[in-house]
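J.: What follows is a predicted structure for the sequence shown.
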Amino acid sequence: MELMFNTEQKSCVGSPESLPSGGVGSPESLPSGAVELRVLRSARSYDVEDTDEYYCEYDSTWEDPPNKETSRQKSQHEWVHQYTGWSQQSHRFNRFKSAAKDMQKYRHDYPEHRSNLYFGGQQQDDMPNLQFYREQIPSSPDGVFIEDYHNNWKWQYLKLERVHSYIQWLFPLQEPGMNNQAKELTKKEIEAFLQDETAKKRLVKSYKLMLDFYGIQLSNDTTGEVRRANNWHKRFDNLDRHTHNNLRITRILKCLGTLGFPHYQAPLVRFFLEETLVKGNLYNVKESVLNYFIFAVIDKQERRDLVEYAYKHYEPKYEFVWCPKKIQMTFSNGEEFSDNRQTMAGHYQHGNY
């Protein structure tokens with residue numbers, strides 16, 4: 001299934017999925033360009049019973065937003081399945097379910113996060129991540145300014161591989177990382193970042209820096225399309241040997257969704273799906289692509305398309321656990337799911353997560 005966008009830049013302000021109206025961020029992104037999607041079924045036809053073999057209560061990709069009663073009932077059903085051992089089909093599914101919990105929490109804008117006044121011991125008036133991107137303060141503990149990273153760390157592949165304290169500064173999130181001197185994003189900070197064009201342009205430069213490190217090139221700054229870089233062979237080898245980069249890529253995808261570039265997410269994930277499932281590269285990245293990368297994508301329709309693409313290229317089919325059996329049967333029968341959405345500029349359709 002192909003999504004057909006025009007060449008206008010997708011105006012995606014904010015990110016995560018289920019924020020109340022008027023808050024920072026947003027539900028799943030909607031591009032400002034025209035979107036043409038074939039419709040063969042309504043969105044409600046995605047609903048999957050919790051008795052499905054690969055039903056996962058932490059993945060809202062195939063469901064309408066549940067009400068409290070539905071959520072309560074599904075939690076009870078899942079407990080029974082766990083108690084009887086029914087849900088233990090495979091270690092692969094259990095790994096996916098663990099990842100799905102983390103990714104859905106991200107897509108729903110960390111609904112169980114800490115208080116609004118203090119965020120990891122940081123007062124909400126402080127904006128160290130934005131100050132860093134405004135070139136007002138250096139990263140810590142490295143003491144490097146953002147422009148120094150962009151100008152002096154490019155092509156420094158050994159340094160980019162071995163130093164582990166910079167990635168939280170280049171791609172901040174509303175969750176902690178390994179560098180305890182980096183600060184988590186606050187809602188107020190996200191809001192200010194999204195209004196700062198200089199900071200956003202620098203974020204794109206940070207993205208290009210890391211893409212080059214992985215042997216990838218941003219071929220279209222507007223759509224987010226990517227392709228292999230000239231150095232892809234050696235860089236792929238490094239990526240496959242050092243699996244901690246899978247965590248870095250997950251962080252990058254989350255940050256893009258949070259700080260104004262959710263339309264960059266799906267092209268990168270599609271690239272990794274093609275490389276791992278179609279071209280047979282990056283064996284040690286494949287599980288992360290399926291468990292994490294796909295489910296970092298905020299836009300629900302794009303996420304569904306990516307799962308369908310993954311299913312159609314994954315072998316053997318009986319080991320595919322990343323969507324319910326009902327959906328797999330639909331894919332196998334050649335039926336397509338889609339979702340009609342009209343063009344909306346600068347805001348999102350609430351509830352589509």
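T.: Perfect, thanks for sending it.

J.: where exactly do the helices run in the stretch 101-250 of the chain?
T.: 128-133, 146-152, 157-162, 167-170, 187-194, 197-213, 232-241, 244-258 (DSSP state H, counting those that start in this stretch).

J.: roughly how far apart are the spatially closest residue to residue 313 that is not a sequence neighbour and residue 306?
T.: With sequence-adjacent residues excluded and distances taken as C-beta to C-beta, 6 or more residues apart in numbering, residue 313 is closest to residue 277, at 4.0 Å. Glycine gets a C-beta too; all of them are placed from N, C-alpha and C. If you measure residue 277 against residue 306 using C-beta to C-beta, to the nearest Å, the figure is 11 Å.

J.: What residues of stretch 174-184 count as buried?
T.: By neighbour count on 16 or more other C-beta atoms under 10 Å, the buried set for stretch 174-184 is 174-175, 177, 179, 182-184.

J.: Need the max-distance pair from those.
T.: With distances taken as C-beta to C-beta, the most widely separated pair in the buried residues of stretch 174-184 is 174 and 179, at 15.2 Å.

J.: Run a quick neighbour tally on the residue nearest to residue 169 when sequence neighbours are not counted.
T.: Taking C-beta to C-beta, 6+ apart, and ignoring the residues beside it in sequence, residue 169 has residue 139 as its nearest neighbour in space, at 4.0 Å. For residue 139, the number of neighbouring residues by other C-beta atoms under 10 Å comes to 23.

J.: Could you check how far residue 139 is from residue 242?
T.: According to C-beta to C-beta, residue 139 and residue 242 sit 21 Å apart.

J.: List the contacts of residue 294.
T.: Shown in contact with residue 294 (C-beta atoms under 8 Å, 6 or more residues apart in numbering): 269, 273, 303, 306-307, 310, 322.

J.: Filter those residues down to the ones in strands?
T.: Secondary structure from DSSP state E places none of the contacts of residue 294 in strands.

J.: Return the member of these nearest to residue 283.
T.: residue 273 (13.7 Å).

J.: Give me the neighbour count for that closest one.
T.: Counted by other C-beta under 10 Å, the residues lying close to residue 273 total 21.
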